[in-house]
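[1] Test case, fold it:
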Amino acid sequence: MNRMRLTRPSPWLVTGAFLASGAVHLVRPSVFEPLIPPALPRPREIVYVSGAAELACAAGLLAKAPWAGPASAALLVGVWPGNLQMALDATASGFLGLFLRRPRPAGRGRGRGSRRPSGSGRRDRG
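    Here you go, the predicted structure:
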């Protein structure tokens, strides 16, 4: 049986993830702001800085710069509180919410501030 040998895809996967995520950090920071733990100040600035750092690490990994590996590892450790916050938020809404969440069109669904139309749903029994 002839096995296909992978030629170290991990650096390419990390580089691609850093490029995509870094770009989204800068273009749509509101996507990442909820991941910033409440104890940290100025979430928008933190999102911009982490996005720029991800792009810098991606460039370093592409150029095979000696600092890129340690910097990428440090960046992943640095953004870990945001990942923890996302996990805590997901467990508060149910574990599967982490995987099944998707944006809803405005005005649809049952979110904060939504009400049942009058005459539908449960009746108050007193």
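[2] Tell me which residues of whichever helix or strand Leu88 is part of come out buried.
    Using DSSP states H and E, Leu88 maps to helix 80-92. By neighbour count on 16 or more other Cβ atoms under 10 Å, the buried set for helix 80-92 is Gly82, Gln85, Ala90. Just so you know, the C-beta spots here come from the backbone N, C-alpha and C atoms, and that holds for glycine as well.
[3] for this structure, longest helix please?
    helix 43-63 (DSSP state H).
[4] Check which residues of that helix are buried.
    Neighbour count says helix 43-63 has 43, 46-47, 50-51, 53-58, 60-61 buried, by 16+ other Cβ under 10 Å.
[5] Packing partners of it?
    With contacts defined as 3 or more Cβ pairs under 8 Å, 6 or more residues apart in numbering; DSSP states H and E, helix 43-63 has these neighbours: helix 10-27, helix 68-78.
[6] if we can go back for a sec, kindly calculate the angle that the helix holding Leu88 makes with helix 68-78.
    Going by axes from the mean of the first three to the mean of the last three Cα atoms, to 10 degrees, helix 80-92 is angled at 40 degrees with respect to helix 68-78.
[7] helices and strands around helix 80-92, which ones?
    In terms of contacts (3+ Cβ pairs under 8 Å, 6+ apart), helix 80-92 is packed against helix 97-100.
[8] Which one of the buried residues of helix 43-63 is nearest to Gly16?
    Ala58 (8.0 Å; Cβ to Cβ).
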